[in-house]
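Student: what follows is a predicted protein model with its sequence.
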Amino acid sequence: MNVRNRVEVMHGVNLDQLGRRDPDQYGRLTLDELQVRIDAWADGFGLAANFFSTNHEGAFVERLHRLRGLADGVVLNPGAWTHYSYAIRDALELTGLPAVEVHLSDVDNREPWRRQSVIADLCIARVSGKGPEGYEEALAVLRDRLTRPA
Ligand code: DQA
């Protein structure tokens, strides 16, 4: 049987600064600590997570270019790029992979410019404002999609 369980978990700009950013919005976990939790959730769902993080938009785009054949699904939190990067949008579309958009904070109830997502319509789900647990929800959505009979 062809097992589809590889999930790329991608963090964009400024998310490497978790732990130093406003704890009311983003909590107190560092990115490393967050990734440990995500890895455990993925494991529990029978998914194999691979982690990628960068502050460089081009590096994020190039990682997306390489994903086909390396991953079966994507969980991505592009940070501020979410709100304006058509380059990341185009690269995500190119992957052809099921993707879930995640934000730690409640982007719909902050500054108006955070309400815009240029990737939302490419994603099978969007989880926002649920803190680290939002990633668990995102992984559950992907697991359901990846185990669904074709
Ligand atoms: C974020 C929300 C974005 O608006 C912000 O620019 C981030 C983090 C979140 O996880 O809540 O950097 O994506």
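Tutor: Now that the structure is in, tell me what you want to look at.
Student: helices along this protein, start to end?
Tutor: 23-26, 31-44, 57-66, 86-95, 133-147 (DSSP state H).
Student: so what touches the longest one?
Tutor: Read it as helix 133-147. Identification of contacts with helix 133-147 by C-beta atoms under 8 Å, 6 or more residues apart in numbering yields 4-5, 7, 9, 34, 37-38, 41-42, 45-47, 49, 72-73, 75, 98, 100, 102-104, 124-125, 127-128, 130. From N, CA and C alone the C-beta is placed, and that goes for glycine too.
Student: export the helix or strand of the chain with the lowest mean pLDDT as PDB, just CAs?
Tutor: Sorting the helices and strands of the chain by mean pLDDT, DSSP states H and E puts helix 23-26 at the bottom, at a mean of 95. Presented in PDB, the C-alpha positions along helix 23-26 are these (Å, rounded to 0.1, in the frame of the first residue of the first chain):
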ATOM      1  CA  PRO A  23       3.400  36.400  24.700                       C
ATOM      2  CA  ASP A  24      -0.200  37.600  24.700                       C
ATOM      3  CA  GLN A  25      -0.400  37.000  20.900                       C
ATOM      4  CA  TYR A  26       2.100  34.100  20.500                       C
END
